[in-house]
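Enquirer: quick one, structure for this:
(one chain, ligands or ions: 2)
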Amino acid sequence: MKALHFGAGNIGRGFIGYLLSKSGYTVTFVDISQPLADQINQFKQYQVITLSTSSAKETIPNVRAIHLRAAEELEDAVVQTDLITLSIGANNLKSTGKLLYPLLKARQQKNPEAPLDIIACENALFATDILKQSILDGADADFHAYLEKTVGFPNSAVDRIVPNVTLAKDSPIDVAVEDFFEWDVEAGKVKHNPDIHGVSYVEHLEPYLERKLFLLNGAHAAIAYIGFLKGYRYVHEAIHDEFIRKTVCAYHQEALEALHQKHHMDKPALEAYAQKLLRRFENHYLQDELYRVGRDPVRKLSNNDRLVSPLKLCNDLHLPYDAIACAIAAGFAFDYEGDPKAMDIQMDILDGGIKYAIRRITGLNESSEMVRNIVENYKKLLHLKRSCLVAVHALAAV
Ligand SMILES: NC(=O)C1=CN([C@@H]2O[C@H](COP(=O)(O)OP(=O)(O)OC[C@H]3O[C@@H](n4cnc5c(N)ncnc54)[C@H](O)[C@@H]3O)[C@@H](O)[C@H]2O)C=CC1
Ligand SMILES: O=P(O)(O)OC[C@H]1O[C@](O)(CO)[C@@H](O)[C@@H]1O
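Expert: Residues are numbered from 1 along each chain as shown. Ligands and ions are numbered 1, 2, ... in the order given. Modelled structure (predicted):
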């Protein structure tokens, strides 16, 4: 079996490529970065280093890479493959759908009967649907029928923390990961790949997707944004701060109550999941920087993402959401100069004020109670930031 994975970054090499190789697939990466594609073709293998109380190194052999613009080679690979997976960043799904359109048309001509699955592995709700829609836009009836008959488009939830690490590596493409992983795939939409090692094939994905996006990614973003504001560098440091931990635990309680009510998920099981997440956040071997976890706040604070989705759900269910609003407010205070998207938000705040920025980025109604709560939290956080800065200056003066 052949697999083609778009995006040979942290999750591509450290999780998806890793599991596909373990399942017996021959893995070919596709990446927009020429240097990365060259390195993969030079070394042809890499190590996955597990960072936990016990550390392990596993070699992933026989990998190769194709640069995104190597048109002929890419078409050949798409025509021949059994599986396409992607972890390129949710913002790139639509353009990748446009790129895949002619390549899948070539497959329809040259290999029409062979079934295929395409699975997007991004931190977003129903990412494969976004990709599929961009492929279907403009498709004629014949191509549409071909895709429906032959190509599966299952959505998935992917969970493994793969940080940027600076530890000594044998080769530049080695990657470090946590020991936990979970990959849930929509069973009913799979056409050709029902036995990927480590995958849980589930009938109803939405509860798994929302549980992961709200409880892991939402809480992680809260740690990143409040942690940055309080002057921390790493997730494992910030989670030991009393205020941050209290806020994250309150965030978990609010979001898990909403998940329990919406999906009838077992509450003790959700609480155990949240407890386990705290232990994963405490993993100091990962040295996971807040900048990585908080990157691109425009996306993370958007209407359908990890923070505003649970906020809206709590609001709809008439449940409390103060900690979620606090996490969102912290996102608006994330003025890290190294992140252009964070700077875009700061420009919005400068141009039109905080309420305007919240409406523009989250799509929430400015006069709603949710926005009033976020603004209140934002003011409190700016005050907290000033006290932290005063304390830092006082310490420096001693
Ligand atoms: N790192 C993690 O722990 C996890 C990340 N994810 C998701 O996986 C996706 C990738 O994240 P990371 O691997 O951390 O990022 P990364 O930045 O390490 O890797 C992304 C890779 O995609 C490549 N790329 C970007 N645009 C491309 C395009 N149009 N075509 C082909 N390649 C392209 C980049 O050159 C890079 O090598 C994101 O959506 C992220 O939310 C999901 C679960 C865990
Ligand atoms: O990859 P994104 O969506 O920018 O967000 C970073 C988040 O994704 C992860 O890298 C993996 O879920 C988390 O470690 C972190 O919460």
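
Enquirer: pretty sure residue 119 is in a strand, no?
Expert: Yes. Assigned with DSSP: H, G, I helix; E, B strand; the rest coil, residue 119 falls within a strand.

Enquirer: could I get the pLDDT score of the spatially most central residue of the chain?
Expert: Geometric centre of the chain, nearest residue: residue 123, 2.7 Å, by Cα atoms, centre = their mean. Listed pLDDT for residue 123 reads 95.

Enquirer: again, but for residue 395
Expert: 66.

Enquirer: who are the contact partners of the residue of the chain found nearest ligand 1?
Expert: In the chain, the residue that lies nearest ligand 1 is residue 9 (1.7 Å; Cβ to the nearest ligand atom). Where you see a C-beta, it was placed from the backbone N, CA and C, and this is true even at glycine. By Cβ atoms under 8 Å, 6 or more residues apart in numbering, the contact list for residue 9 reads 31, 36, 87.

Enquirer: cool, and residue 61?
Expert: So residue 61 contacts 21, 44, 45 (Cβ under 8 Å, 6+ apart).

Enquirer: residue 58 is in contact with the last one, correct?
Expert: To tie it back to what came earlier, the one meant is residue 45. No. Here residue 45 does not reach residue 58: they are 10.6 Å apart, not a contact under Cβ atoms under 8 Å.

Enquirer: for the residue nearest to the centre of the chain, give me phi and psi.
Expert: When read as degrees, to the nearest 10, the backbone of residue 123 gives phi -80, psi 80.

Enquirer: which residue packs closest to it, ignoring adjacent ones?
Expert: residue 217 (5.5 Å; Cβ to Cβ, 6 or more residues apart in numbering).

Enquirer: show the pLDDT at the one you found.
Expert: 98.

Enquirer: for ligand 2, see how far away it is.
Expert: 4 Å (Cβ to the nearest ligand atom, to the nearest Å).

Enquirer: go on, residue 99?
Expert: Distance from residue 99 to ligand 2, by Cβ to the nearest ligand atom: 21 Å.

Enquirer: same question for residue 149.
Expert: Taking Cβ to the nearest ligand atom, one finds residue 149 at 33 Å from ligand 2.

Enquirer: what's the neighbour count on that residue?
Expert: 11 (other Cβ atoms under 10 Å).

Enquirer: residues contacting it?
Expert: By Cβ under 8 Å, 6+ apart, residue 149 has no neighbours at all.

Enquirer: the residue in the stretch 201-350 of the chain positioned nearest to ligand 2: neighbour count?
Expert: Proximity of the stretch 201-350 of the chain to ligand 2 (Cβ to the nearest ligand atom) peaks at residue 220, 3.3 Å away. Neighbour count of residue 220, defined by other Cβ under 10 Å: 25.

Enquirer: mind telling me what element it is part of?
Expert: Assessed by DSSP states H and E, residue 220 sits inside helix 219-229.

Enquirer: and the helix or strand just after that helix with ligand 1, contact?
Expert: Sequence-wise, the next helix or strand downstream of helix 219-229 (DSSP H and E) is helix 235-238. No. Judged by Cβ under 6 Å from any ligand atom, helix 235-238 and ligand 1 are separated, with a smallest distance of 11.3 Å.

Enquirer: pLDDT of helix 235-238, averaged?
Expert: 98.

Enquirer: how far does that helix sit from its chain's centre?
Expert: 19 Å (Cα atoms, centre = their mean, to the nearest Å).

Enquirer: and the next element down the chain from that helix?
Expert: Criterion used, DSSP H and E; the element after helix 235-238 is helix 242-263.

Enquirer: in that next one, what's buried?
Expert: 244-245, 247-248, 250-261 (16 or more other Cβ atoms under 10 Å).

Enquirer: may I have whichever helix or strand comes after it exported as PDB, CA atoms only?
Expert: Downstream of helix 242-263, the next assigned helix or strand under DSSP H and E is helix 267-281. Only the C-alpha atoms of helix 267-281 are listed here, as PDB (Å, rounded to 0.1, in the frame of the first residue of the first chain):
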ATOM      1  CA  LYS A 267     -19.100  13.000  32.600                       C
ATOM      2  CA  PRO A 268     -16.600  11.000  34.700                       C
ATOM      3  CA  ALA A 269     -14.900   9.900  31.500                       C
ATOM      4  CA  LEU A 270     -14.700  13.500  30.300                       C
ATOM      5  CA  GLU A 271     -13.300  14.500  33.700                       C
ATOM      6  CA  ALA A 272     -10.600  11.700  33.500                       C
ATOM      7  CA  TYR A 273      -9.800  12.900  30.000                       C
ATOM      8  CA  ALA A 274      -9.300  16.500  31.300                       C
ATOM      9  CA  GLN A 275      -7.100  15.200  34.200                       C
ATOM     10  CA  LYS A 276      -4.900  13.300  31.800                       C
ATOM     11  CA  LEU A 277      -4.600  16.400  29.700                       C
ATOM     12  CA  LEU A 278      -3.200  18.300  32.700                       C
ATOM     13  CA  ARG A 279      -0.500  15.600  33.000                       C
ATOM     14  CA  ARG A 280       0.300  15.900  29.300                       C
ATOM     15  CA  PHE A 281       0.600  19.700  29.600                       C
END
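
Enquirer: show me what helix 267-281 is packed against.
Expert: Secondary-structure packing of helix 267-281 (3 or more Cβ pairs under 8 Å, 6 or more residues apart in numbering; DSSP states H and E): helix 219-229, helix 242-263.

Enquirer: so can I have CSV of those showing distance to ligand 1?
Expert: Shown next, in CSV, are the helices and strands packed on helix 267-281 (distance: least, Cβ to the nearest ligand atom, whole Å):
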stretch, distance to ligand 1
helix 219-229, 9
helix 242-263, 18
